[in-house]
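Trainee: below is the sequence, then the predicted model.
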Amino acid sequence: MSDLIAAVATGAARSAIGIIRLSGEGAIDCVDAVFRAASGRKMADTPSNKLVYGGIYDENGGLLDMGLCFVARAPKSYTGEDTAELQCHGSPAALGEVLAELLKNGARQAKPGEFTKRAFLNGKLDLTRAEAVIDLIDADTDLAAKNAAGQLAGAVTRKTDAVYSDLLDIAAHFHAVVDFPDDDVEEFELRDYLGTLERAEKTLSDLLDTFGRGRVIRDGLECAIVGSPNVGKSSLLNALLGFERAIVTDIPGTTRDTVEDTCVLGGVKLRLIDTAGLRKTDDAVEMMGVERSYAAMRRAKLIFAVLDSSRPMTGEEAELIKKAASTTRTVMVLNKSDLPVRLAVPAELEGIPRTGLCALTGEGTRKLSELVAGLFQQYGDAPEGEILTNDRQAGEVRAALEAVRDAKGALQEGVTPDAVLTELEDAMDSLGRLGGRTLSSDVTDRIFSRFCVGK
Ligand code: GDP
């Protein structure tokens, strides 16, 4: 068992309950030094996973808090080591005092992610599941949380473990062939192996295909807010974010650069990009802004084309919307719905989704969010964790897929068994790194440093 670590697991904010965790050699004795059960029974004499009520005391016998305690003994705990948890009241000051007492009694402050790292090193979680813990903590949409929960339950690992085991079978056979060159690979075995490799190829490439969607779930979808100057683009950004992110003025041409922030609309995470108003200008700085607006439009997966509904649509605006909608999902936002309507939507733009909105009051944002949910329905399907969201994981799956394809090619071309074996072993190495079976310790350190303290 490793040395004893302790940390506040519930963050630094004031809350109803605050939890302090301990893990490692002497965890139970350490908690017994500060916690006195109301029953008088030591935690060392209490069964695992049983919540006990009592007081937490400093070294002079002064009461710090009243709360609950439980212990879980190795190997049946989150980290696989002896662990203890104190559930106190969530005052950062009181939690700090309790933690200080534990540190006086032999524990040291845990580093970020150290509890989960120990769980990984003790074989309690593979790496994709450990990474799912971070993703679940960081999730800011229902979708991201659901997917991370599915990964925590092992959705990715189940798929890749099956591939690994199939490759292992073939590799074992080819090892035998390499060691005993007189035994050829028989024709029917060859066909069987090709079939297995094709199945592996399909599983890995399907998994890799989910990465595009996974990125959107994690990082958000780029959404450009475009339109003429003064139609209310910055006001719309502020209304959607719920705070004053962009400067709003009635002077046309104030937003000269793009302003970005994220929000969740219709269950979809959006990276909103407020752009400079599109108009012909001689001002060099404004012109650069306009250029950037066009670039943002080209990159975007969704465009909010904002119009001022209190004035007629210009030919330029109609042209812009037509162009945007021909390549990208576009919603016309008819802003300033509080003013008398003077805008008529021309027949050629009839088919494009649109909604009235008042960016000043936020009225109409619900309808806009329903439109977005409808446009991106595929992002609303509950993912069961089988979506790759992590660059590292996607990189390993991609490398494994390439190696499996090469192994298949080598097998078909009748290349020597050791060449096939090399490719198979490359694929297995990648899958091994995916789950963390074969990973250098500096990579492991980097992954776990992304965690928060106490997890
Ligand atoms: P942008 O140049 O397109 O980013 O437009 P702004 O957001 O800076 O707004 C331009 C002007 O329109 C400001 O004076 C806003 O207060 C005003 N404005 C924006 N949205 C609305 C709205 O829904 N109703 C009304 N009446 N005025 C608005």
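Mentor: Thanks, I have it.

Trainee: from the ligand, how far out is the spatially closest residue to residue 129 that is not a sequence neighbour?
Mentor: Leaving aside its chain neighbours, residue 129 sits nearest to residue 152 (5.5 Å; criterion: Cβ to Cβ, 6 or more residues apart in numbering). Quick note: C-beta positions are derived from backbone N, CA and C, even for glycine. From residue 152 across to the ligand, the span is 42 Å (Cβ to the nearest ligand atom, to the nearest Å).

Trainee: do residue 323 as well
Mentor: Here residue 323 is placed at a distance of 19 Å from the ligand (Cβ to the nearest ligand atom).

Trainee: for that residue, which three-state class applies?
Mentor: Classification of residue 323 using DSSP: H, G, I helix; E, B strand; the rest coil returns helix.

Trainee: which residues touch it?
Mentor: Residues near residue 323 by Cβ atoms under 8 Å, 6 or more residues apart in numbering: none.

Trainee: same deal with the one 5 residues further on?
Mentor: The neighbours of residue 328, taking Cβ under 8 Å, 6+ apart as the test, are 297, 300-303.

Trainee: which stretches of the stretch 151-300 of the chain have low pLDDT?
Mentor: The stretch 151-300 of the chain contains residues with pLDDT under 70 at 181-188, 243-258, 286.

Trainee: hang on, the earlier thing: just the contacts of residue 328: which are in helices?
Mentor: Among these, DSSP state H puts residue 297 in helices.

Trainee: buried ones among the contacts of residue 328?
Mentor: 297, 300-303 (16 or more other Cβ atoms under 10 Å).

Trainee: need those in a markdown table (columns: distance to the ligand).
Mentor: Listed next are the buried ones among the contacts of residue 328 as a markdown table, based on distance: Cβ to the nearest ligand atom, whole Å:
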| residue | distance to the ligand |
| --- | --- |
| 297 | 15 |
| 300 | 17 |
| 301 | 21 |
| 302 | 18 |
| 303 | 14 |
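
Trainee: so of those residues, which ones are in strands?
Mentor: Mapping the buried ones among the contacts of residue 328 onto strands (DSSP state E) picks out 302-303.

Trainee: which of the buried ones among the contacts of residue 328 sits closest to residue 279?
Mentor: Taking Cβ to Cβ as the measure, residue 279 sits nearest to residue 297 out of the buried ones among the contacts of residue 328, at 14.6 Å.

Trainee: ok, now how distant is that closest one from residue 270?
Mentor: Distance from residue 297 to residue 270, counting by Cβ to Cβ, to the nearest Å: 15 Å.

Trainee: and for residue 23?
Mentor: To residue 270, residue 23 is 39 Å away according to Cβ to Cβ.

Trainee: ok, those two, which is more surrounded?
Mentor: More crowded of residue 23 and residue 270, by other Cβ atoms under 10 Å: residue 23, with 29 against 24.

Trainee: so what's the more buried one up against?
Mentor: Residues near residue 23 by Cβ under 8 Å, 6+ apart: 4-5, 77-79, 81-83, 110, 115, 118.
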